[in-house]
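> What follows is a predicted protein model with its sequence.
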Amino acid sequence: MKSRFCNVCLLAILLTANLAFSAAEKPRVIVSTDIGGTDFDDFQSLVHLLVYADVLDLEGLISSPYGPGRKEHILQVLAHYERDYPNLRTYSDRYPTAEALRAIAKQGETEVAPYAGVRRSTEGSEWLVRCARRADPRPLYVLVWGGIEDLAQALHDAPDILPKLRVHFIGGPNKKWSPDAYHYLAIAHPRLWIIESNSTYRGWFTGGTQSRGLAVDTFAATFAAGRGALGEFFAGGIRFEGATRTAVKMGDSPTVGWLLCGEPTLPFQPGWGGRYVRAWARPYARFDRLTTATDRIEFCGILELVLPLGAGAPAAPEARLVVENQSLIGHFDSRGAMRFRFCPKDAKTYRYTIRSNAPALDGRTGEITSTLPPPDAALTPDPTRPNWWTDDPSPAVAEGVHQGARTISQWREQFLRDFAQRLERCRSPVPIR
C-alpha cells in the first residue's frame, strides 16, 4: 500500500510498500537540530518539516548544536510559520499552532561531549526522556540533525527508554563533531534502533533530476519565492556566516522523507529517506603511537590515539589535537596517557598537530588515511547490533564517492515537487468553491 503522505505517484516498488502507521495515527517525532550552528541547511530542513506538520505528531524541537546555534534559531523559523498558519490550517486542521510548537522547543547541549560521552542533563535531554516515557504505544522517532549529545545523555540518564526509540542520525559531518557521544552510544547501547546515514543523505542534493527548476541553484527561486513567509525565508531569508544562502541542500530532510514515503520500520525497503543495510562492526581503530599516512581508518569510523605524556609532564597536563577546523580536547587517563578521539568525515588523508603543555607531545604531528568501506562490508552484519543500519556500500547505489546516495537521489523529482506543492499552501488558503 502506498503511504498516505505521498502526493505524487511513485514507482511500483513503493506502491506495494506496507503502511507503517494507520490513517488515524501520526508518527511521534522529536527533532534534534544544530540549526544556526555549523551549517545553514537546518533552516531549510525545518521549513520542509513544518509544511508537513499536519501529518506528523511533533513532540519536540531540540537545539543541539556544536557552535553558535541556539533555540532562538528554531523560534525564528516558527515566527514565519505563524504568519502562514492561517493559510495552512485551511488545508488541514491538524497543523499545530505556532504557540504549541514554541512550547516544545527546548535548548539542548551546546558543547561536545567529553571523553566519557556524556556530560550533564539538559532541557533537551530531559524533554526527550519525558516524551519517551509517555504512556503511548507508538514508537518515538528521533531525527538527529546535529550533535548526538542529547540522545546519548537521555539514554545514559534513562536507559529504560531505549525500546521506544527509532533514531535516524544524519552522521558524516555531524558525527565528526560528536565522536565521544557516538562512541558511548555504540558501546553502551548496541541494541539501539538507529539509522546511521553518513553519506546516503547526500542524495537529497547530489545527483538525480537537476532540471526544470529542480536544480540546487534554481529550486528556491522557482518554487519557494513568493510562497508565504516560509517560502520567502527559504528563498532569500537564510543568512549564515555573513552570506545569503539560496542553494538547496536540506541535508537533514531525508529523515523527514523517511517518514513521509516508504516503510520506516523496514530500512532495507526503498523510500524518500533512502535504503539502508544492516551495519557491520562499527569501525574503530586505536593506536598507542602517532599514526602515519600508511595507517588506515574506515570513513566515519572512530580513531583513538593513546599517547604517553613522556618526561617532564606537568602536574595538570592539557592537550588538544588540531585537525582541519577542529581542536579536540585530550583526556588525561589514570595510566598517565593522553587520549584523543577523531572521526574523519571524508575519505582522504588527514594531518594533525598536537598542542600541549607536555613537552613530549607539544608540536608533534601525525597523519591518518580514511578509506571507504569495501563493497562487501554489508555481507557481515554485526550480530551485537541487530537494529543498527547504515549506508549501502554497493557501487550500484553510489553517487560518485557518496555511498548509498542514489537510493535517495532517484526520488529527487518526486520529493521536491511534493515539497513545492506544500509550499503553495503557505501562499493562499484553500480556494472557496
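Received, thanks.
> I'd like to know how many residues surround the residue nearest to Glu298 when sequence neighbours are not counted.
Once flanking residues are discounted, Glu298 sits nearest to Pro283: 3.5 Å by C-beta to C-beta, 6 or more residues apart in numbering. Quick note: C-beta positions are derived from backbone N, CA and C, even for glycine. Other residues lying near Pro283 total 20 when counted by other C-beta atoms under 10 Å.
> ditto for Glu324
13.
> I'd assumed Tyr350 was in contact with it.
Yes: using C-beta atoms under 8 Å, Glu324 makes contact with Tyr350 at a distance of 7.0 Å.
> Leu303 is in contact with the residue nearest to Glu298, correct?
No: assessed by C-beta under 8 Å, Pro283 is found out of contact with Leu303, at 9.1 Å.
> what pLDDT does the residue nearest the centre of the chain get?
The residue lying closest to the centre of the chain (C-alpha atoms, centre = their mean) is Ile170, at 2.5 Å. You'll see Ile170 listed with a pLDDT of 97.
> ditto for the one 3 residues further on
Per-residue pLDDT puts Pro173 at 92.
> tell me the contacts of the residue nearest to it when sequence neighbours are not counted?
Spatial nearest neighbour of Pro173, chain neighbours left out: Lys345 (5.0 Å); criterion: C-beta to C-beta, 6+ apart. Going by C-beta atoms under 8 Å, 6 or more residues apart in numbering, Lys345 touches Gly172, Pro173, Lys175, Lys176, Asn198, Phe299, Cys300.
> contacting residues for the second one?
When contacts are counted by C-beta under 8 Å, 6+ apart, Pro173 touches Thr38, Asp39, Lys345.
> In contact with the first one, which residues?
Think Thr38. Pro65, Tyr66, Gly67, Gly69, Gly146, Pro173, Trp177.
> let's see it at 10 Å
By C-beta atoms under 10 Å, 6 or more residues apart in numbering, the contact list for Thr38 reads 65-69, 146-147, 173-174, 176-177, 240-241, 325.
> From these, list just the buried residues.
Buried residues within the contacts of Thr38, counting neighbours by 16 or more other C-beta atoms under 10 Å: Pro65, Tyr66, Gly69, Gly146, Gly147, Pro173, Asn174, Lys176, Trp177.
> With distance to Thr97 and secondary structure added, can I get those residues in CSV?
As requested, those are arranged in CSV below (distance: C-beta to C-beta, whole Å; DSSP: H, G, I helix; E, B strand; the rest coil):
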residue, distance to Thr97, secondary structure
Pro65, 26, coil
Tyr66, 31, coil
Gly69, 24, coil
Gly146, 25, coil
Gly147, 28, coil
Pro173, 33, helix
Asn174, 30, helix
Lys176, 37, helix
Trp177, 33, helix
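> follow-up on the earlier one: any shared contact partners between Glu324 and Tyr350?
Residues touching both Glu324 and Tyr350 (C-beta under 10 Å, 6+ apart): Phe342, Pro344.
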